[in-house]
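Undergrad: model this:
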Amino acid sequence: MARLDRKVRAPKFQAGLLSNTEQLWRYRVNEFWSEVIPYLGYVIQSGLGFVLAFAFIGGTALYASFLDHIPPGFPVRELGWILLSPSVAYMTYRTFLQSADLGYLLRIEHRMNGYIKRSIRYSLTPRLSLLLVLCLVYWPLYSRADQAPKPLLLLLLAFALMKLVTAYGAWGERHMHDSRLKLIARLIRYIWSWGAVACWLWLDIGTAGLVTGVSGLLYMAVVWKMPKLRFPWEEHNALEQVHRNRIFTFLSGFVDLPTMNERRFSRPWLNGLGNRYAFQKPYAYRYLLTKTFVRSELLGILVRLMVIGVILLWWTKHSVWSALLLLFFLLAIHAQSKAILQLHRHDVWLKLYPVTREERSSAVLALTRQVLGISVVLLMLPLWWGSTDLRFKGSVLLGAVLAGLFFYWRRKSTLQRIALNEEEEE
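TA: Predicted coordinates:
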């Protein structure tokens, strides 16, 4: 794994940036991508680009084949509801603001409208485009399997309007200072989004338009009336840091990045996973690593990958293409779990506390083994419910186990290489 250093810099303001906030926005965007782009080469070199291309080609062929042999009674509306509702409901914004901006830019807050408008357009465009692409991908199946499909252009317009409503709601939530009101507003946004998508899939055009239109206007009125801050600097900075951490957590699976200020989550129901190593000297680092992992952003990423994998494998459980899909998700989980190597790796106290390099490697390998084992078991479950023959299922299981062992061996080799590099540096 390559090693690159990320330098934390104070915000830089060239001449004229403070007088032209839109120019400042372009400067911040370019600065961010100039920091990220050098790492993308390592992501491509890892083979992920080839795997994604292969998955796209294979998925397209599988989808085309499925369209010619749609089973009777296929739950096309339920599939569309599960596929489209999260894309309608989820909305977040990139502002590229930094913590020091509260001191540098506070005095020109009244002139930040241009900056914020650019951020809104920048954030909304790709998410709206993704929703429309999902609609276009879903349309061939919907038009063939549904008894009364609605016109494509009408659906695209309806889903685009729904996305604009949720975007307005998400922006209003960001300006709310009361955390309870913010939670209520977010809950309403998700309930309305899932309900609106269900209306357009199950109800006739007139009823769906009336219900979603009236409820959407009511939802926007509720958000508009809730007390809000004029410019929530702290919230902008906190959420921007969350976005940056997610991106660099992903990149840390391919490049050796120094430790970041990652967001932690309180998950008390998982305390038992780490507590089993408590007060045992040989497992001191394993206890720390497990505690950090269950409270990290990385756990959420891996869980989401497993959930998406299980859903897609359940959908393709009757096809031999499910074997390639399973291998793809195992590879993705393996790539993301490389971020485990970075947890506490650059902490200064490791130079002082008597934890040997062998104990650290053993803890990382143990956690990696557990992640890969759970992934193999969960991803294999849908295939066992499929109609493929037993020999195929056994072959897929054997292949998944061998893939897990290969990924584990790669992780072990990586740790050995890191240990050699650290010894040379010392």
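
Undergrad: burial measure for residue 415, as a count.
TA: Neighbour count for residue 415, taken as other C-beta atoms under 10 Å: 19. C-beta: built from backbone N, CA, C; applies to glycine.

Undergrad: What score does it have for pLDDT?
TA: Looking at residue 415, its pLDDT is 81.

Undergrad: for residue 324, same thing?
TA: The per-residue pLDDT reported for residue 324 equals 82.

Undergrad: That one sits in which helix or strand?
TA: helix 321-337 (DSSP states H and E).

Undergrad: pLDDT averaged over the next helix or strand after that helix - what is it?
TA: Remark: after helix 321-337, the chain's next helix or strand is helix 357-384, criterion DSSP H and E. On average, the pLDDT along helix 357-384 is 89.

Undergrad: tilt between whatever helix or strand comes next after helix 357-384 and helix 321-337?
TA: Once the chain leaves helix 357-384, the next helix or strand it forms, by DSSP H and E, is helix 390-425. Per axes from the mean of the first three to the mean of the last three C-alpha atoms, to 10 degrees, the angle that helix 390-425 makes with helix 321-337 is 20 degrees.

Undergrad: the inter-axis angle of helix 390-425 versus helix 357-384?
TA: Orientation check (the same axes, to 10 degrees): helix 390-425 against helix 357-384 gives 160 degrees.

Undergrad: Numbering from 19 from now on, please.
TA: All set: I'll call the first residue 19, so the last point we hit is now helix 408-443.

Undergrad: Return the distance of helix 408-443 from the chain's centre.
TA: Put simply, helix 408-443 sits 24 Å off its chain's centre (C-alpha atoms, centre = their mean, to the nearest Å).

Undergrad: With stretch 330-344 instead?
TA: What separates the centre of stretch 330-344 from the centre of its chain is 22 Å, taken as C-alpha atoms, centre = their mean.

Undergrad: And stretch 188-202, by the same measure?
TA: The answer for stretch 188-202 is 22 Å, by C-alpha atoms, centre = their mean.

Undergrad: ditto for stretch 285-297
TA: For stretch 285-297, the distance to the chain centre is 25 Å (C-alpha atoms, centre = their mean).

Undergrad: which other residues reach it?
TA: With contact meaning C-beta atoms under 8 Å, 6 or more residues apart in numbering, stretch 285-297 is reached by 301, 302, 304, 305, 308, 309, 312, 313, 317.

Undergrad: Give the buried residues for it.
TA: Buried residues in stretch 285-297, defined by neighbour count with 16 or more other C-beta atoms under 10 Å: 288, 291, 292, 295.

Undergrad: What is the nearest of the residues you listed to residue 172?
TA: Nearest to residue 172 out of these is residue 288 (C-beta to C-beta; 45.2 Å).

Undergrad: From residue 439, how far off is the closest one?
TA: Distance, residue 288 to residue 439, by C-beta to C-beta, to the nearest Å: 33 Å.

Undergrad: same question, residue 162
TA: According to C-beta to C-beta, residue 162 stands 56 Å off from residue 439.

Undergrad: cool, residue 122 as well?
TA: Going from residue 122 to residue 439 by C-beta to C-beta gives 39 Å.

Undergrad: Ok, residue 188 next?
TA: Using C-beta to C-beta, one obtains 44 Å as the distance from residue 188 to residue 439.

Undergrad: Could you do residue 205 as well?
TA: Distance, residue 205 to residue 439, by C-beta to C-beta: 48 Å.

Undergrad: higher neighbour count, those two?
TA: residue 439 (13 against 10).

Undergrad: circling back to that earlier point, what about the buried residues of stretch 285-297, which are in helices?
TA: 291, 292 (DSSP state H).
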